[in-house]
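# sequence and computational prediction follow.
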Amino acid sequence: MDGFLLARTDQVVRTTGARERFTEVDAAAASLRAGRVPLIVGALAFDPSRGGVLTAPESATFTPVRWQTDGTLAELPPSRIIRENPSPAAHMTRVARLIGSIDAGRISKVVAARSVTVEADTPIDPELLVSHLVRRHPNANVFAVDLDDSVLGSSTLIGASPEVLVSRHGNAVRLRPLAGTAPRRKDPIADRAEADGLLSSTKNQHEHSFVIDWIRERLGPVCAELTIPDRPILLSTPEVWHLETPIHGVLRENATTALDVAALLHPTPAVCGTPTDVALATIADVEGDRRFYGGAVGWCNADGDGDWIVAIRCAELAGDSRTLEAYAGGGIVAGSDPQSELDETTTKLGTLLGALGVRLEDTSKAGAAEGDTLTEAMQERRNVGEPR
Ligand SMILES: C=C(O[C@H]1C=CC=C(C(=O)O)[C@@H]1O)C(=O)O
């Protein structure tokens, strides 16, 4: 796909071409500030030392409507899971070790992620996948970002994220941090019980509080006013309930742009952990390079306004457009349970996989070794992407 696409509930941003490309966030921000470019779009890598893929596009449209998905959507090509990285059993082992590190006092919170590789029969059209995601997730922030020419390799980052890192308009900033998760259930009573259980869960409140503390610490110095409610509220997606804290701030200086705030906040403990440096090192050690999963996707104009979305519930579509790597993670804190954490990643993976019509089986008891290719039988999966 050429360019950048961000479809939010009230606006679609679509850009094409690149008059300039940046791999350093500071260089892009400086260019914007100096008036050399009127708009920056793109993706920040998970690891802040890897910069990102940022572009000053050749053309851009801002449409104040939803992405239209009326009528019949063309079907996406048949696809299947060919690999899980690591295997469900290995993910649980990793989570158990991370809980050990937390209990030993080496770290307070760390987000553990895993991925699945999907192969399609024919190339997947990113814009068609975006349409399917918007139809299934009308309230999500759906994106497709061309990562071409990136030092990290050619691909498209596609996702339907519920989490807003920052929206800046004038000197007002709005954030919608999420952390703490429970699955949706088909039965309304069971579903309500999950939501109520999440809201009253001490473990989930604790997991959420790391994100809020980080935001308060990072945003406080650049804000003249910062309103952070004492308790989170509930947010739902078709797959999960989340704890969310709606945060409002007023920037001290008009010169602080949406891109500046995104770079200041990223990576929050919703995708990384606490302390941040220890969590980054732990994740690199345990998982390797996450590339753009857990990064941020967005735009920033010359006035400093913009939206940056946390790159979760997403996948990287390879250059051949047939192979896709979908990621999901969950915050590990004291009291986390490896099986529940595995199930949570399976449920979250349902956002992307559900749009592709692919089902991921709960293979936690299959005992596959790390990186094992799934058997045909294991690919007969229950769909965890929908409320049960
Ligand atoms: C890291 C992810 O979700 C984050 C956002 C909401 C809830 C989360 C949690 O409960 O662990 C995560 O912090 C992901 O979806 O991959």
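Looks like it arrived, so ask away.
# give me the residue ranges of the stretch 51-200 of the chain where confidence is low.
149-154 (pLDDT under 70).
# which bits of it sit near the ligand?
Val111, Ala113, Glu163, Leu178, Ala179, Gly180, Thr181 (C-beta under 6 Å from any ligand atom). No exception for glycine: its C-beta is placed from N, CA and C like everyone else's.
# residues near Ala195, how many?
Applying other C-beta atoms under 10 Å, we find 17 residues neighbouring Ala195.
# what helix or strand is it on?
helix 188-199 (DSSP states H and E).
# can you name every helix or strand that that helix contacts?
strand 178-183, strand 233-236, strand 240-244 (3 or more C-beta pairs under 8 Å, 6 or more residues apart in numbering; DSSP states H and E).
# can you put these in TSV and add mean neighbour count?
Formatted as TSV, these follow (neighbours: other C-beta atoms under 10 Å):
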stretch	mean neighbour count
strand 178-183	25
strand 233-236	16
strand 240-244	24
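# got those strands as a markdown table, with distance to Trp308 columns?
Compiled in a markdown table, these are given as follows (distance: least, C-beta to C-beta, whole Å):
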| stretch | distance to Trp308 |
| --- | --- |
| strand 178-183 | 14 |
| strand 233-236 | 18 |
| strand 240-244 | 16 |
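# what's the first helix or strand after the helix holding Ala195?
helix 202-219.
# helices of the stretch 1-150 of the chain, start to end?
Secondary structure of the stretch 1-150 of the chain (DSSP state H, counting those that start in this stretch): helices at 25-33, 88-103, 126-136.
# what's the most buried one of those helices?
helix 126-136 (a mean of 21; mean count of other C-beta atoms under 10 Å).
# neighbouring contacts of that helix?
1, 5, 7, 66-67, 69, 73-74, 76, 140, 142-144, 156, 158-160, 238, 317, 321, 351-352, 354-356 (C-beta atoms under 8 Å, 6 or more residues apart in numbering).
# okay, and the beta partners of the nearest residue to Ala258 once chain neighbours are set aside?
Among residues not flanking Ala258 along the chain, Gly306 sits closest, at 3.1 Å (C-beta to C-beta, 6 or more residues apart in numbering). On the basis of DSSP bridges, Gly306 is bridged to Arg168, Cys300.
# isn't Gly306 right up against Gly298?
Yes - counting by C-beta atoms under 8 Å, Gly306 sits close enough to Gly298 to count as a contact (5.8 Å).
# how far does stretch 86-99 sit from its chain's centre?
21 Å (C-alpha atoms, centre = their mean, to the nearest Å).
# and if you look at stretch 257-276?
12 Å.
# return the set of buried residues in that stretch.
257-263, 265-276 (16 or more other C-beta atoms under 10 Å).
# and that stretch, anywhere near the ligand?
Yes - against the ligand, stretch 257-276 shows contacts by C-beta under 6 Å from any ligand atom at Ala270, Val271.
# so is Trp308 in a helix, a strand, or just coil?
Secondary structure assignment for Trp308 (DSSP: H, G, I helix; E, B strand; the rest coil): strand.
# count of residues packed around it?
Neighbour tally, Trp308, other C-beta under 10 Å: 28.
# swap in the one 10 residues further on?
Counted with other C-beta under 10 Å, the neighbours of Ala318 add up to 17.
# please look at Ala284 and Asp47 and confirm they touch.
Yes - at 7.0 Å, Ala284 and Asp47 qualify as touching, with contact defined as C-beta under 8 Å.
# more crowded one of the two?
Asp47 (18 against 14).
# the residue lying closest to the more buried one once chain neighbours are set aside in helix, strand or coil?
For Asp47, ignoring the flanking residues on the chain, the nearest one in space by C-beta to C-beta, 6+ apart is Leu280 at 6.5 Å. Three-state assignment for Leu280 (three-state DSSP): helix.
# contacting residues for Leu280?
Contacts of Leu280 by C-beta under 8 Å, 6+ apart are Asp47, Pro48, Pro267, Cys272, Gly273.
# what's the answer for Pro138, then?
With C-beta under 8 Å, 6+ apart, Pro138 has these contacts: Thr9, Arg66.
# closest point of the stretch 1-150 of the chain to the ligand, which residue?
Val111 (5.2 Å; C-beta to the nearest ligand atom).
# and that residue, how far from Ala90?
Using C-beta to C-beta, to the nearest Å, Val111 is found at 17 Å from Ala90.
# and Asn171, by the same measure?
Distance, Asn171 to Ala90, by C-beta to C-beta: 47 Å.
# about what we covered before: count of residues packed around the residue nearest to the residue of the stretch 1-150 of the chain closest to the ligand when sequence neighbours are not counted?
In this structure, Val111 finds its nearest non-sequential neighbour in Gly329, 4.7 Å apart by C-beta to C-beta, 6+ apart. For Gly329, the count of nearby residues is 25 (other C-beta under 10 Å).
# what does Pro188 give?
Pro188: 9 surrounding residues under other C-beta under 10 Å.
# which residue is nearest the middle of the chain?
By C-alpha atoms, centre = their mean, the chain has its centre lying nearest to Ile312, at 1.3 Å.
# just checking, that one touches Ala160?
No - Ile312 is not in contact with Ala160 according to C-beta under 8 Å; the separation is 9.3 Å.
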